[in-house]
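>>> Return atomic coordinates for the entry below.
(one chain, ligands or ions: 1)
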Amino acid sequence: MSELVYSVPVELASSRLGQPVILRAADPGNLLSLPAGYRIEDILYIRLYGIGAPPLPDIFSNSGIAIDYVLTNAADQSATLYNLSRLLSGCDLRVSIPMQPGFSRAVKLAAALSFTVKLEYSGSFPGMSAELAETLDIYLHQSTVSQPIDFFHSLLLHFIHQDAVTLWQIQEEDPALYRQINGQGQEVMAGLSTRRPLPASPASFVTDLQKELSATDSECRDCPFMDCCGGYWKWPNRELSCAEYQLPEVFHILRSAALELSRDQEAFSRDAAGRSGAEP
Ligand code: SF4
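Sure thing, here's the model as predicted:
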């Protein structure tokens, strides 16, 4: 099994010395307060929060460590995206966008600015399905999109390569692999909300949830995407209706796109083989 990765506020970094971590900071200047002897190579990436992040301290901007910039309010911070490429130039940069009202606008802009994007989920809201559909359409059909938009991209790859992965892993929220230390030093589920307590058996959480939902929830029981979804949308709110938010449709569209891509690839390979066979 892969080593457990902790997402840790930079102020509490000393609690995970020598372990692979994702460092969280509201102010990049706080990164300078890392304890002496902290190994840069233990930092998988840095998550920055808030508007108008000042430039990273040189030691980090020159280290090649990836930056995950979190828009704390997707609807109001789209303008921030314009400044990011200048402020964090030279960094391997991803923008994480919470799925809140208005998130599709932020994704559209981030994609147009060539940012890698990750969607983060913390609960449903009216209009979510329409925004999700619009965002998926941008990812699949907008010719100007040159970088991945996750979780779409990883699910598309899953359908192409048939690898064993769940949305929990794609979103870096499977507690068997990823956990978060909140500001009070408590270990909680990874993800946007730090209020979600760690389940009693984190190592088997996803398989336990899959078993429970398959036995008790008719939507999940009949859903063809349980293997790769893992009941992601039903936790912690088991009452959420996936049909209402058209969530299985997102998987369905991505699976169809993957099939089409695979067929195109096969046809291309056949044509290429035919052409090379016809050459003298
Ligand atoms: S998409 Fe919804 S219904 Fe399907 S497995 Fe996931 S949580 Fe269950």
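
>>> what about the strands in this structure?
5-9, 21-25, 43-49, 66-70, 93-98, 116-120, 149-150, 178-181, 187-189 (DSSP state E).

>>> Let me see the mean pLDDT of the shortest one.
What strand 149-150 shows for mean pLDDT is 94.

>>> and it, how far from the chain's centre?
7 Å (CA atoms, centre = their mean, to the nearest Å).

>>> Show me what that strand is packed against.
strand 116-120, helix 128-141 (3 or more CB pairs under 8 Å, 6 or more residues apart in numbering; DSSP states H and E). For every residue, glycine as well, the C-beta is placed using N, CA and C.

>>> Nearest to the ligand among those would be which one?
If you check each of those against the ligand by CB to the nearest ligand atom, helix 128-141 wins as the nearest, at 11.9 Å.

>>> just checking, what packs against the closest one?
For helix 128-141, the contact count by 3+ CB pairs under 8 Å, 6+ apart identifies helix 103-112, strand 149-150, helix 152-161, helix 247-278 as packing neighbours.

>>> I'd like to know which of those is closest to the ligand.
helix 247-278 (4.5 Å).

>>> Is the closest one in proximity to the ligand?
Yes: Helix 247-278 reaches the ligand (CB under 6 Å from any ligand atom) through 247-248.

>>> Point out where the stretch 151-280 of the chain drops to low pLDDT.
Along the stretch 151-280 of the chain, segments meeting pLDDT under 70 span 193-195, 277-280.

>>> Up against the ligand, what does it have?
So far as CB under 6 Å from any ligand atom goes, the stretch 151-280 of the chain lies against the ligand at 219-220, 223, 225-226, 229, 231-234, 242, 247-248.

>>> Out of those residues, list just those in helices.
Within those, residues falling in helices by DSSP state H are 219-220, 226, 229, 247-248.

>>> Report the contact partners of M189.
Neighbouring residues of M189 by CB atoms under 8 Å, 6 or more residues apart in numbering: 173, 175, 179-180, 196-199.

>>> and the nearest residue to M128 once chain neighbours are set aside, how many neighbours?
Sequence neighbours aside, Y245 is the residue nearest to M128 in space, at 5.5 Å (criterion: CB to CB, 6 or more residues apart in numbering). For Y245, the neighbour count with other CB atoms under 10 Å is 19.

>>> burial of P28, as a residue count?
Neighbours of P28 using other CB under 10 Å come to 21.

>>> any idea what sits nearest Q169, other than its immediate chain neighbours?
The shortest distance from Q169 to any non-neighbouring residue, by CB to CB, 6+ apart, is to L177 (6.5 Å).

>>> Actually, G230.
Counting by CB to CB, 6+ apart, the residue nearest G230 is T166, at 3.8 Å.

>>> List the contacts of A25.
9-10, 31, 46-49.

>>> can you check L240 too?
124, 233-234.

>>> Give me the phi and psi for it.
For L240, the backbone dihedrals are phi -60, psi 140 (criterion: degrees, to the nearest 10).

>>> thought S214 was touching C220?
Yes: if you go by CB atoms under 8 Å, S214 and C220 touch, sitting 5.9 Å apart.

>>> Of these two, give the one with the bigger neighbour count.
With neighbours defined as other CB under 10 Å, S214 and C220 compare such that C220 has more, 23 against 14.
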